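Enquirer: need a structure here:
(one chain, ligands or ions: 1)
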Amino acid sequence: MCDEQKLEHLAVKLFEINAVKFGEFTTKSGIKTPVYFDLRVIVSYPEVMQLISNLIHDFALKDTKCDHLCGVPYTALPIATLLSVQANIPMLMRRKEAKAYGTKKMIEGHYKAGQKCLIIEDVVTSGSSVLETVKDLRKEGLVAEEAVIILDREQGGRQNLATNDVAIKSLFTMSNLINILVEHNKISAQMALKVKNYLNDTKAPAVENIQDRTLLPYEKRAELATNSIAKELFNIMATKKTNLCLSVDLTTTTSILDLLEKVGEHVCLVKTHIDIIEDFSADFITRLKSLAKRFNFLILEDRKYADIGNTVSLQYLKGLYKVAEWADCVTVHSLPGEGILKALNNSTNGVSQGVFLLAEMSSEGNLITPDYTEETVKMALKYPNLMCGFVCQNKSTFKEPGLIQLTPGVQLESTKDGLGQVYNTPEKVMLEKGADVVVVGRGIVAAKSPESQALVYKDVLWKNYLKRVSGKMEL
Ligand SMILES: O=c1ccn([C@@H]2O[C@H](COP(=O)(O)O)[C@@H](O)[C@H]2O)c(=O)[nH]1
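Expert: Below is the predicted model:
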């Protein structure tokens with residue numbers, strides 16, 4: 001039998017075993033329907049299971065490269081199992097509920113972040129069941145962008161999934177299943193018309209958009225980072241349980257070093273403006289690096305380079321400060337064009353270094369436009385080994401989970417500073433604006449007790465990070 005005949009045979013079989021029924025039904029999404037697909041019955045018909053598995057194998061797996069298969073629980077599980085054995089592709093199992101004890105993990109099986117998982121599902125109406133599985137797979141850092149479905153009810157699921165970057169292939173659409181059943185005299189032309197009218201009139205509701213890097217925990221994002229400094233920073237955050245970056249905007253070396261002695265344990269990143277220091281010396285750098293090692297934080301020089309590539313390369317490598325010798329990462333404007341990134345990419349001398357590109361600024365009236373931000377992100381994505389992430393203010397600025405959103409302009413109250421700086425609260429930047437690492441300067445540096453204030457910021461930021469990754473946000 002050719003594939004088309006096999007499909008027709010399957011359609012008829014599904015009708016005969018009552019897996020496709022006609023009458024008055026209500027779907028999981030609450031929609032009334034004259035046709036209902038109940039694939040749970042196929043476990044009683046091994047030859048039908050085999051037929052489905054063969055068809056999916058030939059139709060979808062031939063030109064799909066994936067590391068794992070995952071059936072949407074429960075109906076698609078036996079099909080996914082058969083396919084896994086037939087195609088020799090390891091399977092993953094998604095739990096419906098997390099275990100009450102132990103790891104609480106939702107995905108069972110052996111996998112690594114970054115691996116590709118193909119989803120198998122029986123029927124798609126709104127796409128919400130596939131999406132629940134996609135969400136849990138993506139939380140583990142797995143790439144879940146394709147699903148194979150037995151029947152697409154053509155009620156909006158395909159579109160809902162596409163908006164979440166999931167493409168589906170289906171053995172049948174409802175229309176072609178109905179046509180086959182009419183041709184084989186299984187249903188009347190009148191019933192077929194009723195179903196077609198119903199399909200035209202009834203669309204499933206839109207589903208939530210889960211394309212959200214901020215739902216992934218930092219340790220998973222570390223595995224997805226392509227720049228080694230970003231990877232290290234994600235891991236430091238996960239281990240130290242802090243995403244606080246202290247901006248040490250002080251002008252003497254002793255004030256900076258004294259402050260870091262007190263707050264080093266609470267921060268993941270220390271941000272410097274090296275050119276505001278009045279008594280800069282090589283010894284300061286030695287002591288700064290030693291604190292970074294002792295307290296396990298990284299150093300970001302917020303130089304905001306903005307010249308032609310050749311000049312930036314010299315500014316980075318040479319001069320009084322020799323930034324390349326001590327800063328783990330630097331900030332860079334995209335304004336001069338790609339040459340600035342090419343220059344920095346060639347200036348690292350094999351040492352791990354990273355760049356945060358300014359895609360947005362916190363200051364009132366800044367001249368950055370949405371187009372500039374979009375082009376900045378496009379430019380950055382060409383340099384995956386160099387890019388740590390973006391200095392930006394919004395979750396929608398970029399979606400890559402391996403990159404870091406560094407957000408300045410944060411204080412405990414939403415205020416302004418009189419010179420254009422605009423502050424948002426820790427809750428707002430973490431839960432609404434998508435910050436990963438949060439920069440606080442004067443909120444800590446100018447406090448009566450910077451040490452206790454750093455702890456306050458660290459705790460409120462971490463509490464909100466946990467809230468967003470656990471999915472329990474009350475927005
Ligand atoms: O858009 C930007 C980019 C960088 N910064 C820098 O962050 C700190 C913020 O200090 P506060 O005292 O917390 O205002 C400062 O070093 C800026 O140069 C920014 O504020 N906005």
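
Enquirer: any idea of the pLDDT on K196?
Expert: On the pLDDT scale, K196 is placed at 89.

Enquirer: ignore the last one, Y305
Expert: Looking at Y305, its pLDDT is 98.

Enquirer: What is the burial count for the residue of the chain found nearest the ligand?
Expert: Sorted by distance to the ligand under CB to the nearest ligand atom, the residues of the chain start with G441, at 2.6 Å. To be clear about C-beta, it is placed using only N, CA and C from the backbone, and glycine gets the same treatment. G441 is flanked by 22 other residues according to other CB atoms under 10 Å.

Enquirer: ok, now which ones touch the nearest residue to it once chain neighbours are set aside?
Expert: Spatial nearest neighbour of G441, excluding adjacent residues (CB to CB, 6 or more residues apart in numbering): S247 at 3.5 Å. Shown in contact with S247 (CB atoms under 8 Å, 6 or more residues apart in numbering): 271, 273, 302, 408, 439-441, 445.

Enquirer: where along the stretch 151-300 of the chain do the strands fall?
Expert: 167-173, 244-247, 269-272, 298-305 (DSSP state E, counting those that start in this stretch).

Enquirer: Turn these into TSV, columns for distance to the ligand.
Expert: Formatted as TSV, these follow (distance: least, CB to the nearest ligand atom, whole Å):
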stretch	distance to the ligand
strand 167-173	37
strand 244-247	4
strand 269-272	6
strand 298-305	6
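
Enquirer: Excluding chain neighbours, what is closest to T242?
Expert: Nearest non-adjacent residue to T242, counting by CB to CB, 6+ apart: K458, 4.8 Å away.

Enquirer: which residues touch that neighbour?
Expert: With contacts defined as CB under 8 Å, 6+ apart, the neighbours of K458 are 242, 244, 266-267.

Enquirer: and if you look at C392?
Expert: 358-360, 373, 398, 405-407.

Enquirer: Mind checking which of those residues land in strands?
Expert: 358, 405-407 (DSSP state E).

Enquirer: so which of these would you say is closest to I236?
Expert: I236 lies nearest to L406 out of those, by CB to CB, at 13.8 Å.

Enquirer: list the buried ones in the helix ranked longest in the chain?
Expert: Longest helix in the chain by number of residues, with DSSP state H as the criterion: helix 450-469. Using 16 or more other CB atoms under 10 Å as the test for burial, helix 450-469 gives 450, 453-458, 460-462, 464-465, 467-469.

Enquirer: Then stretch 315-329?
Expert: Neighbour counts over stretch 315-329 (16+ other CB under 10 Å) mark 315-317, 321, 323-324, 326-329 as buried.

Enquirer: And those residues, which two are furthest apart?
Expert: By the measure CB to CB, Q315 and D328 form the most distant pair in the buried residues of stretch 315-329, at 17.1 Å.

Enquirer: so how far is R138 from the residue positioned nearest the centre of the chain?
Expert: Nearest to the centroid of the C-alpha atoms of the chain, with distances taken as CA atoms, centre = their mean, sits R213, at 2.6 Å. Distance of R213 to R138, given as CB to CB, to the nearest Å: 9 Å.

Enquirer: Any chance you could list what contacts stretch 184-200?
Expert: Residues from elsewhere that reach stretch 184-200 (CB under 8 Å, 6+ apart): 8, 11-12, 15, 22, 33-35, 153-155, 174-175, 178-179, 181-182.

Enquirer: repeat that with 6 Å
Expert: Residues outside stretch 184-200 that contact it (CB atoms under 6 Å, 6 or more residues apart in numbering) are 12, 15, 22, 34-35, 154, 174, 178, 181-182.

Enquirer: Also stretch 401-414?
Expert: 213, 216, 221, 224-226, 230, 356, 362, 388-389, 391-392, 422-425, 429, 434-440, 443.

Enquirer: just stretch 305-319 next, same as before
Expert: Identification of contacts with stretch 305-319 by CB under 6 Å, 6+ apart yields 323-324, 332-333, 335-336, 339-340, 342-343, 347.

Enquirer: what's the first-to-last distance across that stretch?
Expert: Separation of the first and last residues of stretch 305-319 by CA to CA, to the nearest Å is 14 Å.

Enquirer: Can you name the residues that contact C268?
Expert: Per CB under 6 Å, 6+ apart, neighbours of C268: 236-237, 240, 242, 297.

Enquirer: Next one, pLDDT for it please.
Expert: For C268, the pLDDT comes out at 98.

Enquirer: And it, how far from T331?
Expert: The gap separating C268 from T331 is 16 Å, by CB to CB.

Enquirer: for L39, same thing?
Expert: Distance, L39 to T331, using CB to CB: 54 Å.

Enquirer: do K21 as well
Expert: 62 Å.

Enquirer: between these two, which one's more packed in?
Expert: Taking neighbours as other CB under 10 Å, K21 and T331 compare with T331 leading, 22 against 13.

Enquirer: I figured that one hits V323, correct?
Expert: No: shown here, T331 and V323 do not form a contact pair, counting by CB atoms under 6 Å, at 10.9 Å.

Enquirer: where along the stretch 1-150 of the chain do the helices fall?
Expert: For the stretch 1-150 of the chain, applying DSSP state H, counting those that start in this stretch gives helices covering 3-16, 46-56, 77-87, 128-139.

Enquirer: Buried deepest among those helices, which one?
Expert: helix 128-139 (a mean of 22; mean count of other CB atoms under 10 Å).

Enquirer: Give me the helices and strands touching that helix, please.
Expert: strand 116-124, strand 143-152 (3 or more CB pairs under 6 Å, 6 or more residues apart in numbering; DSSP states H and E).

Enquirer: ok, now with 10 Å
Expert: Packing partners of helix 128-139 (3 or more CB pairs under 10 Å, 6 or more residues apart in numbering; DSSP states H and E): strand 68-71, strand 91-94, strand 107-108, strand 116-124, strand 143-152, helix 157-163.

Enquirer: could you redo these as TSV and give each row mean pLDDT and mean neighbour count?
Expert: Formatted as TSV, the helices and strands packed on helix 128-139 follow (pLDDT from 0 to 100; neighbours: other CB atoms under 10 Å):
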stretch	mean pLDDT	mean neighbour count
strand 68-71	97	26
strand 91-94	96	20
strand 107-108	94	16
strand 116-124	96	25
strand 143-152	95	23
helix 157-163	90	20
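
Enquirer: Now these in CSV, please, with extra columns for distance to K196.
Expert: Shown next, in CSV, are those (distance: least, CB to CB, whole Å):
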stretch, distance to K196
strand 68-71, 30
strand 91-94, 34
strand 107-108, 39
strand 116-124, 18
strand 143-152, 15
helix 157-163, 17
